[in-house]
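> Structural data only, the sequence is not supplied:
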C-alpha cells in the first residue's frame, strides 16, 4: 500500500510522456489540388486591383454568391487555427505560400451557404480574398442526382480556385 502513490505518480509521468510524444502538432496542411470541373476564367480590373476569377462555379449543385470575389489589402498576415460553432480557421501551404482560410457556414432551405476568407501575403503585402458559395444538400436528391451532386462536390476544389485567384492578384 505504501507503493501505491509511487505507482500512481509513475503512471501519471508515463501518461504525460506518451501524450507529449504523440500529440498532434499544429502545422499548416500542405495541399495539392486536382479537380475534374474546370470553370471559365475572366479578368477583373478596377482602380486598385486586378485578378483572374471564374465566371461562375462549374456544375449544377454549387453556385457562386457575392461574385466576383472581393480582394482587399490587409494590415498583416496573422493566422490562429481554431474551430468554433460558427466555422473554422485553418492554415494551409500551397506552392510555398501560406493561406489562412476561414469558413463559416449557415444552412437554409436545403442548402448550405458558406462564406470563405483567404488571407495571404506576397512580397511583404497581406491581402484577403472573400466570397460565398451556395451548395445544395446532396442527400435531398434521389438517384442519380444524389450521386451526381456528390461527384461534383468531390471533383471541384474551392481551395484550388481561391489559390489560383490569389496567385493572379496585382495591386495598382
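Received it, and whenever you're ready, just let me know what you need. In this text the structure is predicted, and so the values were computed from the model without any measurement.
> Would you quantify the distance from the residue nearest to the spatial centre of the chain to residue 79?
By CA atoms, centre = their mean, the chain has its centre lying nearest to residue 101, at 4.6 Å. From residue 101 across to residue 79, the span is 9 Å (CB to CB, to the nearest Å). From N, CA and C alone the C-beta is placed, and that goes for glycine too.
> list the residues that contact both of those two?
Contact criterion CB atoms under 8 Å, 6 or more residues apart in numbering; residues shared by residue 101 and residue 79: 89, 91, 119.
> Stretch 76-85 spans what distance, first to last residue?
25 Å (CA to CA, to the nearest Å).
> Where does pLDDT dip in the protein?
For the chain, the stretches flagged by pLDDT under 70 are 1-37.
> what ranges do the helices span in it?
Counting by DSSP state H, the chain has helices at residues 4-22, 145-154, 158-167.
> mind listing the strands for the chain?
For the chain, applying DSSP state E gives strands covering 29-30, 41-45, 49-54, 62-73, 82-83, 87-94, 97-108, 111-122, 125-136, 170-171.
> relative to strand 41-45, how tilted is the third one?
Think strand 49-54. Strand 49-54 and strand 41-45 are oriented at 160 degrees to each other (axes from the mean of the first three to the mean of the last three CA atoms, to 10 degrees).
> In strand 49-54, which residues are buried?
49, 51, 53, 54 (16 or more other CB atoms under 10 Å).
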